[in-house]
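1. With the input below, show me the fold.
(one chain, ligands or ions: 1)
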Amino acid sequence: MLASTPADDFTSADQSAIVRVEDLRKTYRSGWFGSRRLPALQGVSLEVHAGEVFGLLGPNGAGKTTLIKTLLGIIRKSSGSATIFGHPVGTSRSRARIGYLPENLRVEKHHTARSALHLYGRLSRMSSEQIRRRTDQLLAKVGLQGRDRETVRRFSKGMYQRLGLAQALMHDPDLLILDEPTDGLDPVGRSEMRELLQQLRSEGKTIFLNSHILQEVEAVCDRVAVLAGGTLRGLGSIEELTAHSGQQRFQMQVLADPQTALAALPADLAEHAHAEPQDVAAAATACRLVVLCSEDAQIDASVDALRAAGLSIRSLQLQTLSLEDAFFEMVGNAAEELR
Ligand SMILES: Nc1ncnc2c1ncn2[C@@H]1O[C@H](COP(=O)(O)OP(=O)(O)OP(=O)(O)O)[C@@H](O)[C@H]1O
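-> Numbers count the residues shown, from 1 in each chain. Take a look at the predicted model:
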């Protein structure tokens, strides 16, 4: 369970806000005498509540790493406020309760899982006895028991990431900040990591997850912040984000190649549509055409336009908006840079 928190440990009225960010701004300076300014965060405000898995989503250059590094106290904000457990970021009291798994954790190849955890325990000023007990617990938790005396050079990427999670948990932090924890993992590795995150959530840990894998965020996060160009474009549960725009999505099978089908749509709808080739029986050319719209009349308009262009529609289905649809709506052109 989450360690009980003394009431006076929070500076704010909302006891459940573990991370609080208000109007946070960060401008990088470069060039001669810092003459070039790059605003990476432009007034971001959000809260992460106790026990939730909070996802941070955004295309490349959105400001995600800048936000995480600010929370960890690695870089200094330009203005605004950011606190963790009520303590300003960068202070030893805020850092003490964070476990961090960086995007590219590097463990020296000669280490075993056990010796690496020993080192991280030492860095957290734990006693040898505490380290031994905690190491045994964590190796079991992340499924590395029995492999703890092998050097990490023999580890798969999945084992390596699970070791990374164990090091983040070494000092039993209340808040975990995980930067792309499943990057480079195969489907099995991803699913193992997802199960571990769910287990940690059930133990009461608060998890701040930076991931560019939309499906993963959709599967594990209670709430999500969508960042693009240093500003927050959306914040809420998956249901809230997918419902926020009042958008719906419909899918058609059209007997035409993707370009022809897209070109036949009314211009305003083609902007929010995509198409991909589809195999159909017989020699016909077909595609799956997906269109986002905000009112039923637009479905009629699409059907009319496709028919007027002489194209046959084989099927039409209304679908629930996915996080991916909502994401692309929120970040607009910035999404083109999404990895
Ligand atoms: N040290 C720095 N000096 C100058 N500009 C920087 C620095 N670090 C980041 N930036 C710029 O700030 C903006 C935000 O970068 P940031 O790394 O926070 O984005 P990100 O969302 O993490 O992107 P990615 O998904 O590619 O890692 C980018 O335009 C980036 O080029």
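
2. Show me where the protein has its helices.
-> 64-72, 92-95, 113-123, 128-141, 157-169, 187-202, 214-220, 238-243, 258-264, 267-270, 296-308, 323-331 (DSSP state H).

3. Nearest to G51, out of those?
-> Of all the helices of the chain, it is helix 187-202 that lies closest to G51, at 7.0 Å by C-beta to C-beta. Every C-beta, even on glycine, is put in place using the N, C-alpha and C of the backbone.

4. Just list what that closest one packs against, helices and strands only.
-> Under the contact criterion of 3 or more C-beta pairs under 8 Å, 6 or more residues apart in numbering; DSSP states H and E, helix 187-202 touches helix 157-169, strand 206-210, helix 214-220.

5. Give the buried residues for that helix.
-> Neighbour-count burial for helix 187-202, counted by 16 or more other C-beta atoms under 10 Å, picks out 189-190, 192-194, 196-197, 200-201.

6. Check the offset of it from the chain's centre.
-> Its chain's C-alpha centre and that of helix 187-202 lie 14 Å apart, by C-alpha atoms, centre = their mean, to the nearest Å.

7. repeat for stretch 79-88
-> Put simply, stretch 79-88 sits 21 Å off its chain's centre (C-alpha atoms, centre = their mean).

8. And the pLDDT at E108?
-> Predicted confidence (pLDDT) for E108: 89.

9. Give the full set of residues in contact with V21.
-> V21 makes contact with 44-47, 67, 71, 80-82, according to C-beta atoms under 8 Å, 6 or more residues apart in numbering.

10. among the residues you listed, which are in strands?
-> Using DSSP state E, the members of the contacts of V21 that fall within strands are 44-47, 80-82.

11. Just put these in JSON lines and tack on neighbour count, pLDDT and distance to A273.
-> Shown next, in JSON lines, are the ones in strands among the contacts of V21 (neighbours: other C-beta atoms under 10 Å; pLDDT from 0 to 100; distance: C-beta to C-beta, whole Å):
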{"residue": "V44", "neighbour count": "24", "pLDDT": "97", "distance to A273": "31"}
{"residue": "S45", "neighbour count": "15", "pLDDT": "97", "distance to A273": "33"}
{"residue": "L46", "neighbour count": "19", "pLDDT": "97", "distance to A273": "31"}
{"residue": "E47", "neighbour count": "19", "pLDDT": "97", "distance to A273": "35"}
{"residue": "G80", "neighbour count": "17", "pLDDT": "97", "distance to A273": "38"}
{"residue": "S81", "neighbour count": "13", "pLDDT": "96", "distance to A273": "42"}
{"residue": "A82", "neighbour count": "23", "pLDDT": "96", "distance to A273": "39"}
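
12. can you name the two of those residues that are farthest apart?
-> Most distant of those, by C-beta to C-beta, are E47 and G80, 13.6 Å apart.

13. Just give me the closest of the contacts of V21 to the ligand.
-> L67 (6.9 Å; C-beta to the nearest ligand atom).

14. what about that closest one, how many neighbours?
-> Residues within reach of L67, counting by other C-beta atoms under 10 Å, total 28.

15. Next: G229.
-> For G229, the count of nearby residues is 18 (other C-beta under 10 Å).

16. Next: L265.
-> Counted by other C-beta under 10 Å, the residues lying close to L265 total 22.

17. Got the phi and psi for the residue nearest the centre of the chain?
-> Among the residues of the chain, S211 comes closest to the average C-alpha position under C-alpha atoms, centre = their mean, at 3.1 Å. According to degrees, to the nearest 10, the main-chain angles of S211 amount to phi -150, psi 140.

18. For it, give its distance to the ligand.
-> 10 Å (C-beta to the nearest ligand atom, to the nearest Å).

19. so that residue sits right up against L57, yeah?
-> Yes - using C-beta atoms under 8 Å, S211 is in contact with L57, at 7.2 Å.

20. Spit out the residues that contact the two alike.
-> In contact with both S211 and L57: V217, using C-beta under 8 Å, 6+ apart.

21. Report pLDDT for the nearest residue in space to Y160 that is not next to it in sequence.
-> Nearest non-adjacent residue to Y160, counting by C-beta to C-beta, 6 or more residues apart in numbering: V152, 6.5 Å away. Per-residue confidence (pLDDT) for V152: 90.

22. What of V331?
-> In this prediction, V331 carries a pLDDT score of 80.

23. got it, and Q199?
-> Note for Q199: predicted pLDDT of 92.

24. who's in contact with it?
-> K141.

25. That concludes my questions; thank you for your assistance.
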